[in-house]
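S.K.: this one's sequence-less:
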């Protein structure tokens, strides 16, 4: 039992969102239970009937995870009330910009004592709120019942059971440990931290930096350029995280540097792919038509830029990417602005 009386790991889990990461995390939870010899119910909510039918019928999510076999202990439904019934762990994996309205619909269905975990990496437009803040505001639950999972989380690699480490962040260390035990699979190793702010900011800003790196790749810029943008992008992320009360140590860890490198380097990254397509000359509409999933950096970039402005944090790479997305700057003009800061020592953030 944990300090708050919870058993060693989750017994009944609801995963709200049947996209690539939501489905993959459901698989992690199922495989973790099998490895630990636990009995665990894992139910996934999906809004599309055909996806739900595939999960239940052939144990696949073909659109998002292709031929990956899903454990038979995972079931799915389009009925969110059925999925949430009795869940002591509720995992949210929906698009960041739709979260608030969906939580208003789901609030009365979520158990009063359930832990809520965010898999989302975005800032809400207009409010500049992190996802944990939106959850707290809409569900009216304390911070010690809200956690964030982040890190180098390329869903397809994890679904293939390629070894991956990640981070569970919660202000309550016992709760973080409980969630970590619930998702410790043979191929998925979670660490814990109390730095929710740093973990969320790392996951948010890396999407914007990945767009910049992708644009560089689309423009056929070299590895020196991309490495420089990644490194200075980490400095931007750190400045924002520290201004919000996050910890520098987090930025050097899995949820900071680890997530940034994976997202900026992999063709599996949606944000990297979207940036590359923009660099190749496609318009935003053409990029949206070509991609089947949301590139969160496109949605959250403006919110990150606005938040940085409010806090007086200098983020030239973010500003340049947002200008491109707004049509105020062409991708050809982006390069010179990516490292546009006054001359100063490298370590002077």
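M.R.: Ah, there it is. Being a predicted model, the structure only gives us computed values, none of them experimental.

S.K.: use CA for all of it now, contacts and neighbours both
M.R.: OK.

S.K.: and the residue nearest to residue 211 when sequence neighbours are not counted, how many neighbours?
M.R.: Once flanking residues are discounted, residue 211 sits nearest to residue 275: 4.2 Å by C-alpha to C-alpha, 6 or more residues apart in numbering. Using other C-alpha atoms under 10 Å, the number of residues around residue 275 comes to 35.

S.K.: who are the packing partners of the host helix or strand of residue 275?
M.R.: If you go by DSSP states H and E, residue 275 is part of helix 270-279. Counting contacts by 3 or more C-alpha pairs under 8 Å, 6 or more residues apart in numbering; DSSP states H and E, helix 270-279 packs against helix 196-218, helix 259-265, helix 284-290, helix 296-311.

S.K.: which of those helices sits closest to residue 151?
M.R.: Closest to residue 151 of the helices and strands packed on helix 270-279 is helix 259-265 (C-alpha to C-alpha; 4.7 Å).

S.K.: re the thing from before, what residues does the residue nearest to residue 211 make contact with?
M.R.: Contact partners of residue 275, counting by C-alpha atoms under 8 Å, 6 or more residues apart in numbering, are 210, 211, 212, 213, 214, 215, 216, 218.

S.K.: what does residue 31 give?
M.R.: 71, 185, 186 are the contacts of residue 31 under C-alpha under 8 Å, 6+ apart.

S.K.: and the residues you listed, which is closest to residue 304?
M.R.: residue 185 (33.2 Å).

S.K.: wait, isn't the closest one in contact with residue 29?
M.R.: Yes. Counting by C-alpha atoms under 8 Å, residue 29 is a contact partner of residue 185 at 7.4 Å.

S.K.: who has more neighbours, those two?
M.R.: Ranked by neighbour count (other C-alpha under 10 Å), residue 185 and residue 29 place residue 29 first, with 28 against 23.

S.K.: correct me if wrong: that one contacts residue 186.
M.R.: No. Here residue 29 lies out of contact with residue 186, judged by C-alpha under 8 Å, at a distance of 10.9 Å.

S.K.: ok, residue 20 to residue 95 distance?
M.R.: Using C-alpha to C-alpha, to the nearest Å, we find residue 20 at a distance of 12 Å from residue 95.

S.K.: centroid-nearest residue for this protein?
M.R.: residue 121 (3.4 Å; C-alpha atoms, centre = their mean).

S.K.: for residue 188, what are its contacts?
M.R.: 28, 158, 161, 163, 164, 165, 166.

S.K.: repeat that for 10 Å
M.R.: Residue 188 makes contacts with 25, 28-29, 31-32, 158, 161-166, 180, as judged by C-alpha atoms under 10 Å, 6 or more residues apart in numbering.

S.K.: which strand residues bridge it?
M.R.: On the basis of DSSP bridges, residue 188 is bridged to residue 164, residue 185.

S.K.: now it: how far from residue 18?
M.R.: 19 Å.

S.K.: related to what we said a few turns ago, using the three-state scheme, assign the residue nearest to the centre of the chain.
M.R.: Following DSSP: H, G, I helix; E, B strand; the rest coil, the label given to residue 121 is coil.

S.K.: so it touches residue 198, yeah?
M.R.: No. Residue 121 is beyond contact range of residue 198, at 12.0 Å (criterion: C-alpha atoms under 10 Å).

S.K.: list the residues that contact both of the two?
M.R.: residue 204.

S.K.: ok, now how distant is the nearest residue to residue 272 once chain neighbours are set aside from residue 74?
M.R.: Once flanking residues are discounted, residue 272 sits nearest to residue 214: 4.5 Å by C-alpha to C-alpha, 6+ apart. Separation of residue 214 from residue 74 (C-alpha to C-alpha): 35 Å.

S.K.: of these two, who's got more company?
M.R.: residue 214 (31 against 20).

S.K.: what residues are up against that one?
M.R.: 208, 220-221, 226, 263-267, 269-280.

S.K.: change it to 8 Å
M.R.: 264, 271, 272, 273, 274, 275, 276, 277, 279.

S.K.: what's the answer for residue 111, then?
M.R.: Contacts of residue 111 by C-alpha under 8 Å, 6+ apart are 84, 85, 86, 87, 88.

S.K.: try residue 263
M.R.: 152, 154, 206, 207, 210, 269, 271, 272.

S.K.: in terms of pLDDT, where does it sit?
M.R.: What the model reports as pLDDT for residue 263 is 95.

S.K.: hang on, the earlier thing: report the angle between the helix holding residue 275 and helix 196-218.
M.R.: 30 degrees (axes from the mean of the first three to the mean of the last three C-alpha atoms, to 10 degrees).
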